[in-house]
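>>> Structural data only, the sequence is not supplied:
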């Protein structure tokens, strides 16, 4: 049962390898005999596993109400994966009417049982629901420690903190670094969020400006325009990937935003082409004057 539990937890985070291993495991001859025995003896791991199989669509013999009932029984026995999952359901409004306070209370309960994952989720919830008067020093320490140990949720949250200046000095460069780390993983759930965050951030980045004196230098102006076009192209690519990774209509924001990016990119490319044409004419005129002089 422990192997099934680990595979379920990883599959919930969109690990394709774990999904395959879980599928192989549940096809073993004695798997459901062992699972049923565990349920009969009120085993919290077995209760969490059957809930997980229902959630992931591997087993439809339970109703959603029955699956949630098993999760609640498992959590009532202080089974950490069940407490954290039930907290997530309340916090996000998945399968249960949304109640963030109950979700946070459940994670606090798991934290008291020394759950590192619960501490990370509590830190992330505070960061995402931040108020201007909040102090985030403790949350940042938790996220940095979890990130150093490979937590993708912590990596994404630190990118968000750097992007918005929450508990850390605002740094787009650092935000990009953390988001790109998440993009390089094989966990679709976090990949989609990181690609979308990068696309939105690059699109919303303020356009560089030149002083009146710098505008007299054609090369500087061209470099600035090329830089913005490259930025929009990168935003387009990130949003395109985020859209591909979206599996639900509610996750179609990347595709919608990408239409604006492409429109803006088209405009910038037209401006760049016009500027290149001017430069080509100017270069040709200079060359002609030189040739005439020679």
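That came through fine. Because the structure is a prediction, the values reported are computed rather than measured.
>>> May I see the buried residues of the host helix or strand of residue 18?
Counting by DSSP states H and E, the element that carries residue 18 is helix 16-26. Under the neighbour-count criterion of 16 or more other CB atoms under 10 Å, helix 16-26 has 18-19, 21-22, 26 buried. (Each C-beta comes from the backbone N, C-alpha and C, glycine too.)
>>> just those residues now: which is nearest residue 244?
residue 19 (18.1 Å; CB to CB).
>>> Leaving out sequence neighbours, find the closest residue to residue 126.
Residue nearest to residue 126 in three dimensions, not counting chain neighbours: residue 139, with 5.4 Å by CB to CB, 6 or more residues apart in numbering.
>>> which SSE is that neighbour in?
helix 137-148.
>>> How is the residue nearest to residue 188 when sequence neighbours are not counted assigned, secondary-structure-wise?
Leaving out its chain neighbours, the residue that sits closest to residue 188 by CB to CB, 6+ apart is residue 14, at 3.9 Å. Secondary structure, DSSP: H, G, I helix; E, B strand; the rest coil: residue 14 is coil.
>>> Next, the contact list for residue 14, please.
Neighbouring residues of residue 14 by CB atoms under 8 Å, 6 or more residues apart in numbering: 187-190.
>>> repeat for residue 174
Per CB under 8 Å, 6+ apart, neighbours of residue 174: 159, 162, 168.
>>> what's the pLDDT at the last one?
The pLDDT attached to residue 168 in the predicted structure is 92.
>>> How about residue 72?
Residue 72 is given a pLDDT of 96.
>>> How about it: what's its closest non-neighbour residue?
Going by CB to CB, 6+ apart, residue 72 has residue 86 as its nearest residue, at 6.5 Å.
>>> now that neighbour: how far from residue 75?
5 Å (CB to CB, to the nearest Å).
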